[in-house]
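**Q** Sequence and predicted structure are below.
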Amino acid sequence: MVRITTLAFLLASAAAAAQPPLQHPIDAVEMRFAASQPVVGYTLRVDSADLAGFDVEIRIRNARDTVLLAMAAHPEYDDRYWRFVERLSVRSPRGAATVTRVDSALWRVVAAGGETVVRYRIRLPPPEPTPRAAWRPFLEPTGGLVGGPHGFMYLVDAPLIPSHVAVDVPSAWQIATGLEPTVDPRIFFAPSADVLIDSPLLIGRLRNWSFVVDGVPHRVAYWSQPAPGPAAAFDTIAFVGSIERLAREAVKLFGRAPYREYTFLLRDGAYGGLEHFNSVTLGISASNLAENPYSDVGEMAHEFIHTWNLMRLRPVERGGLSYKQSGRSTGLWWSEGLTLFYADLLARRAGLPAFDSSRVAHLERLIARYFGNAGNAAISPERASYAEYGGQPGSLGDYDPSVHLQGEVLGAMLDLIVRDATNDRRSIDDVMRLMMNRFSGARGFTGPDIERTVADVCGCSVKPFFDAHVRGATPIEFNRYLRLIGLRTHVEWRPALNREGRPAVDLSLYAWQPPDQGLLSLLITNPRSSWGRAGLHTNDRLLSINGAPVTTWPEMRRILLGVAIGDTVRVQVRRPAGPFTAVVIGTGLTEPVVRIEAIPTATDRQKRMRERWQSGMP
Ligand SMILES: [Zn+2]
């Protein structure tokens, strides 16, 4: 792992040294010119008569005789679409040409004189049951999502090579993408392979809106799922207006937009989202919007803020383009947690309905979740960050912390520390801006960089805080920081209730199917749960439950849902040391209920700071 990372870094820095950005004023608006540079063009073709996949052609000239082509691995979601490359062929006008697969996602093309045309087809896997993942490609009779890491191969040795991309889709279809438009509405420009891979294309019969923030154009493109009845109508003024207000607050927070233009690629019938340099793919259901045009404000804000915090301001380990997954980072708690922190805060600043009625109510819910999952206070956020992407489930033993949640509460507490230390003249906003200034360029940030930046803004030492709660796993004493603004928590553990209002059973036992396709592998999320106390551990391989073999998660889930308080459950597992049988007694689940209240003896200074904090205003 370390060697791969080092190698990737050396390759990236060698490429950067060969092509430093903006050597000449014209580099800023046109292509760099170097006689030795390959010339690359792409065509992506969708045939409405065959929506089982799409075709890609890459024309390369002025390259070496041997060219390595790869499909990139996304640092968060590596969907491994190299598995769906079909009909790969190569042709050279100068004579014989060959293409050989040298690794799963890597091909070697040999063509005399470095002139070649490579063609292949991406056969789409069978569609997932709806809702589908918003970032994965799809094709339907009225549109689809294509390109990105799921579609384009790139020249491994020339990641900074620009290219033109011709998009050949049914004539009635529109194209929305973060790629640079040209005078031809079907031809786009990618200034580098990174940008090409980072810019998927939403195509089809789209609804489009646009607005301008700080002089920068923003486009909202929406693809609706064809429905048997009339399409769900929603309040488009409220919906697009909410996106515009969020964009305005984000640009205000960071001081400027880090893009030429921005495109929201929104699709019906899908969940989740994926951030890009100047676009986002996001699943938003038309029927949800028909009920509430603000239904997805939180998710929208989250993915949009990632444009700054993660895409530009990034952990140092998050390098450039790679065909090996390289998303492991100890700094993800900042990238995800602070993004969540601002998703809530910017919605409030924009006057949009946030999920919780107030900042106090929001923090109450976060703190309850923090205590409700034992891993949050038992595994350090840096360790949880490292395990989040690119690792296997179960790498944190009998805990499963949420690095997103850890990061958001750390951000909230650091905000209070900065406010207190600066007499409310500064806040985490100033930390975020300074982080952006320092670490959004050539180099990303490390853990010590975050600590130093907070210390520089507050003029105080935050080493004990980072030692205890970022690098270490000491539970956060919320009252210590809430007291700074005259607040305190009241935490009470109560029996949790199920949907029918009856005491809920502790069902915190999970399992996943390892790649060896053998027995299910168990996941324990709290060693003090009834499952943990009965001696079960994460990575135990499941043989049977109550004597019956269980080999799939749906089957296991069905059995667990039938467990009542007081029931005896015999779980037989296999371990390297041999078989083991745990006798588990169904136990009621308890959950923390958190209330935040004002301290009656708070000082005037604390009350003033509390009012300002509660307002959410900068
Ligand atoms: Zn995120």
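**A** Yep, it's here. Residues are numbered from 1 along each chain as shown.
**Q** what's near enough to touch the closest residue to residue 164 other than its chain neighbours?
**A** Nearest non-adjacent residue to residue 164, counting by C-beta to C-beta, 6 or more residues apart in numbering: residue 41, 5.0 Å away. Yep, even glycine has a C-beta here, placed from its N, CA and C like the rest. By C-beta atoms under 8 Å, 6 or more residues apart in numbering, residue 41 lies in contact with 58-59, 163-166.
**Q** closest to residue 270 among the residues you listed?
**A** residue 165 (23.5 Å; C-beta to C-beta).
**Q** can you pull the contacts of residue 493?
**A** 590-593.
**Q** and the strand of greatest length in the chain, what other elements does it pack with?
**A** Across the chain, the longest stretch assigned as strand under DSSP state E is strand 50-61. Secondary-structure packing of strand 50-61 (3 or more C-beta pairs under 8 Å, 6 or more residues apart in numbering; DSSP states H and E): strand 39-47, strand 116-123, strand 138-140, strand 153-155.
**Q** Quick one: mean pLDDT for the very next helix or strand once past that strand?
**A** Once the chain leaves strand 50-61, the next helix or strand it forms, by DSSP states H and E, is strand 66-71. In this model, strand 66-71 carries a mean pLDDT of 97.
**Q** Kindly report the same for stretch 407-427.
**A** 98.
**Q** Which residues does that stretch contact?
**A** In this structure, residues lying in contact with stretch 407-427 by C-beta under 8 Å, 6+ apart are 332-338, 340-341, 363, 366-367, 370, 381, 428, 430-431, 454, 457-460, 462, 465, 469-470, 476, 478, 481-482, 484-485, 605, 608-609, 612-613, 618.
**Q** Then stretch 442-455?
**A** 16, 313-318, 330-331, 334, 382, 414, 417-418, 431, 434-435, 438-439, 461-463, 466, 470-471.
**Q** and it, which residues are buried?
**A** 444-447, 449-455 (16 or more other C-beta atoms under 10 Å).
**Q** Quick check: residue 457 touching residue 434?
**A** Yes: between residue 457 and residue 434 there is a contact under C-beta atoms under 8 Å: 6.0 Å.
**Q** For those two, indicate the residue with more neighbours.
**A** Legend: neighbour count by other C-beta atoms under 10 Å for residue 457 and residue 434, higher for residue 457 (24 against 16).
**Q** still on that earlier bit, looking at the longest strand of the chain now, give me its mean pLDDT.
**A** If you average the pLDDT over strand 50-61, you get 97.
**Q** now the closest residue to residue 179 other than its chain neighbours, which residues is it bridged with?
**A** Spatial nearest neighbour of residue 179, excluding adjacent residues (C-beta to C-beta, 6+ apart): residue 188 at 3.7 Å. Assessed by DSSP bridges, residue 188 has beta-bridge partners residue 165, residue 181.
**Q** so how far is residue 317 from residue 188?
**A** Using C-beta to C-beta, to the nearest Å, residue 188 is found at 30 Å from residue 317.
**Q** Residue ranges in the stretch 151-300 of the chain under the pLDDT threshold?
**A** For the stretch 151-300 of the chain, applying pLDDT under 70 flags the ranges 228-231.
**Q** what about the helices in it?
**A** Ranges of helices in the stretch 151-300 of the chain, per DSSP state H, counting those that start in this stretch, are 193-197, 236-254, 286-291, 297-305.
**Q** Quick check: the residue nearest to residue 164 vs residue 31, distance?
**A** 12 Å.
**Q** Next: residue 480.
**A** Separation of residue 480 from residue 31 (C-beta to C-beta) stands at 56 Å.
**Q** So for the residue nearest the centre of the chain, what's the nearest residue that isn't a sequence neighbour?
**A** Nearest to the mean C-alpha position of the chain, counting by C-alpha atoms, centre = their mean, stands residue 274 at 5.6 Å. With sequence-adjacent residues excluded and distances taken as C-beta to C-beta, 6+ apart, residue 274 is closest to residue 135, at 3.7 Å.
**Q** need the contact list for the residue lying farthest from the centre of the chain.
**A** Centroid-distance maximum for the chain: residue 95 at 44.7 Å, with C-alpha atoms, centre = their mean. Residue 95 makes contact with residue 112 under the criterion C-beta under 8 Å, 6+ apart.
**Q** Residue 482 too?
**A** 416, 488-489, 596.
**Q** and what of residue 364?
**A** 356, 489, 594-596.
**Q** same thing but at 10 Å, please
**A** Residues near residue 364 by C-beta atoms under 10 Å, 6 or more residues apart in numbering: 356, 358, 489-491, 593-596.
**Q** how near is it to residue 421?
**A** 25 Å.
**Q** what number of residues lie near residue 512?
**A** By the criterion of other C-beta under 10 Å, residue 512 has 12 neighbours.
**Q** Next: residue 62.
**A** Neighbours of residue 62 using other C-beta under 10 Å come to 14.
**Q** same thing with the one 10 residues further on?
**A** Number of residues near residue 72 (other C-beta under 10 Å) recorded here: 28.
**Q** got the buried residues for stretch 359-376?
**A** In stretch 359-376, counting by 16+ other C-beta under 10 Å, buried: 359-360, 362-364, 366-376.
**Q** between the helices and strands packed on strand 50-61, which gets nearest to residue 567?
**A** That would be strand 138-140 among those, by C-beta to C-beta, at 42.9 Å.
**Q** On the three-state scheme, the residue nearest to residue 540 when sequence neighbours are not counted is what?
**A** In space, and not counting its chain neighbours, residue 540 is closest to residue 573: 3.8 Å by C-beta to C-beta, 6+ apart. Per DSSP: H, G, I helix; E, B strand; the rest coil, the secondary structure class of residue 573 is strand.
**Q** Touching, residue 573 and residue 584? I think so.
**A** No: checked against C-beta atoms under 10 Å, the pair residue 573 and residue 584 is beyond contact range at 11.6 Å.
**Q** what sits in contact with each of these two?
**A** 535-536, 545.
**Q** quick revisit: narrow the contacts of stretch 442-455 to those that are buried.
**A** Using 16+ other C-beta under 10 Å, the buried members of the contacts of stretch 442-455 are 313-318, 330-331, 334, 382, 414, 417-418, 431, 434-435, 439, 462, 466, 470-471.
**Q** now, which of these lie within helices?
**A** Cross-referencing these against helices under DSSP state H gives 382, 414, 417-418, 431, 434-435, 439, 466.
**Q** So for the strand or helix carrying residue 367, mean pLDDT?
**A** Taking DSSP H and E as the criterion, the element that holds residue 367 is helix 359-372. In this model, helix 359-372 has an average pLDDT of 98.
**Q** CA atoms only: put that helix into CSV for me.
**A** These are the backbone C-alpha positions of helix 359-372, laid out as CSV (Å, rounded to 0.1, in the frame of the first residue of the first chain):
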residue,chain,number,x,y,z
ARG,A,359,-29.1,24.6,15.8
VAL,A,360,-29.7,23.4,19.4
ALA,A,361,-32.1,20.7,18.1
HIS,A,362,-29.5,19.7,15.5
LEU,A,363,-26.7,19.4,18.0
GLU,A,364,-29.0,17.4,20.4
ARG,A,365,-29.6,14.9,17.6
LEU,A,366,-25.9,14.7,16.7
ILE,A,367,-24.8,14.1,20.3
ALA,A,368,-27.5,11.4,20.8
ARG,A,369,-26.1,9.7,17.6
TYR,A,370,-22.5,10.2,18.9
PHE,A,371,-23.3,8.3,22.1
GLY,A,372,-25.7,5.9,20.4
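**Q** Right, I'll call it a day here.
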